[in-house]
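A.B. asks: coords please:
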Amino acid sequence: MPSDARVLLGAGRRGTGQGLKIKGFMPAVSFQAVSKTFVTPKGPFQALNQVNLDIEEGEFFGLLGPNGAGKTTLISILAGLARATSGRVLVQGSDVQTHFAEARRKLGVVPQELVFDPFFNVREALRFQSGYFGVKNNDAWIDELLANLGLSDKANANMRQLSGGMKRRVLVAQALVHKPPIIVLDEPTAGVDVELRQTLWHFIARLNKEGHTVLLTTHYLEEAEALCGRIAMLKAGRVVALDRTSELLKTASGSVLQFKTDALLPTALDHLARVTGRIVQLPARDAAEIENHLATLRVAGVEVQDMEIRRPDLEDVFLQVMSGTSASNIPLSEVAL
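C.D. replies: Here you go, the predicted structure:
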């Protein structure tokens, strides 16, 4: 583990997404010193650097990071689609390289890309996917998947006729058709509507409560905060934070002043603010700094609406970690491991 990484180790209970590591129990997924280097025209590019992670049975685990951090590369190695340059990955004790078929049977992977066979309808696609894993006569489970993912009325529709959101639902169903103990979701709600997001998370949360392990990568940090019991953050191929979600949130100090405005912010606040459309968020260490922000806005004649003071959320923690500072603005290189 690099000296500039802030690694916070957490524990909890099996089946609740909290991740208790019990002596004598093997993890559901174990990444052991995994590194991956790609050869490019500009020279070698290291996508992963000594990643060490154990995901316990029954966890709902989140893997976060900016674009290019190595999340999808790590998932690809787990799924056997890429080979690590060094290190190894175990799925319930099965090495993904030396015991690929055994490891793959334990995984249900939902990829980022919309990959589908245009020659089958939805039910045929699920039956065909079942055959890859030697599963037969599972129409009852296929019906349950279709019902829980809102696909019952599309069962006989050709895959080419489905919208992007419906195709995403089919990908989820394909990943679950062989009832894998470990579910891997790589950006499953990217570009889909609110209804699908709600339907998907309701079903996945139910499966997690029933004992399935879930590994999620997402850019929707509010989803990760609500669903994941434990979270790892990747930056440039390294693990820079790892802890229970509740503990990560505790590391964020101060408050956030949030409001809406149509006006331009004064120069003194512009470089501090996180602006999304009309919504402005300003970090503040204490009540005095909040009052200073408000005074600056009043002097500049900025009219604000829907003002509130809130606790920092996972997005605030994520931005602090990615910028190289802790919640108390201490550089990560100064945090002892």
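
A.B. asks: stretch 206-216 - what's its average pLDDT?
C.D. replies: Averaged across stretch 206-216, pLDDT comes to 95.

A.B. asks: tabulate the CA atom coordinates of that stretch in PDB.
C.D. replies: The C-alpha trace of stretch 206-216 is given here as PDB (Å, rounded to 0.1, in the frame of the first residue of the first chain):
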ATOM      1  CA  ARG A 206     -33.600  -7.700  -1.700                       C
ATOM      2  CA  LEU A 207     -31.100 -10.100  -3.100                       C
ATOM      3  CA  ASN A 208     -28.400  -8.600  -0.800                       C
ATOM      4  CA  LYS A 209     -30.600  -9.200   2.300                       C
ATOM      5  CA  GLU A 210     -31.100 -12.800   1.200                       C
ATOM      6  CA  GLY A 211     -27.300 -13.200   1.400                       C
ATOM      7  CA  HIS A 212     -25.900 -12.300  -2.100                       C
ATOM      8  CA  THR A 213     -22.700 -10.300  -2.100                       C
ATOM      9  CA  VAL A 214     -22.900  -7.100  -4.300                       C
ATOM     10  CA  LEU A 215     -20.000  -5.200  -5.800                       C
ATOM     11  CA  LEU A 216     -21.100  -1.900  -7.300                       C
END
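
A.B. asks: what's in contact with it?
C.D. replies: Contact with stretch 206-216 is made by 15, 17, 28-29, 55-63, 75, 78, 176, 180-185, 188, 204, 223-224, 227-228, as judged by CB atoms under 8 Å, 6 or more residues apart in numbering. To be clear about C-beta, it is placed using only N, CA and C from the backbone, and glycine gets the same treatment.

A.B. asks: list the buried residues of it.
C.D. replies: Neighbour-count burial for stretch 206-216 flags 207, 208, 212, 213, 214, 215, 216 (criterion: 16 or more other CB atoms under 10 Å).

A.B. asks: redo these as TSV? Include distance to residue 249 and secondary structure.
C.D. replies: Below are the buried residues of stretch 206-216 laid out as TSV (distance: CB to CB, whole Å; DSSP: H, G, I helix; E, B strand; the rest coil):
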residue	distance to residue 249	secondary structure
207	25	helix
208	20	helix
212	25	coil
213	23	strand
214	20	strand
215	20	strand
216	17	strand
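
A.B. asks: now residue 71. Nearest residue, chain neighbours left out?
C.D. replies: Closest residue in space to residue 71, ignoring its immediate chain neighbours: residue 217 at 4.6 Å, by CB to CB, 6 or more residues apart in numbering.

A.B. asks: ok, the one you found touching residue 187?
C.D. replies: Yes. Counting by CB atoms under 8 Å, residue 217 touches residue 187, with 5.9 Å between them.

A.B. asks: have a look at these two and say which one is more surrounded.
C.D. replies: When residue 217 and residue 187 are compared for neighbours, residue 217 comes out ahead with 23 against 19, by other CB atoms under 10 Å.

A.B. asks: show me the beta-bridge partners of that one.
C.D. replies: residue 63, residue 186 (DSSP bridges).

A.B. asks: contacting residues for it?
C.D. replies: 62, 63, 64, 65, 71, 72, 75, 185, 186, 187.

A.B. asks: which strands or helices does the host helix or strand of residue 109 pack on?
C.D. replies: According to DSSP states H and E, residue 109 maps onto strand 107-110. When contacts are defined as 3 or more CB pairs under 8 Å, 6 or more residues apart in numbering; DSSP states H and E, strand 107-110 sits against helix 71-78, helix 164-176, strand 182-186.
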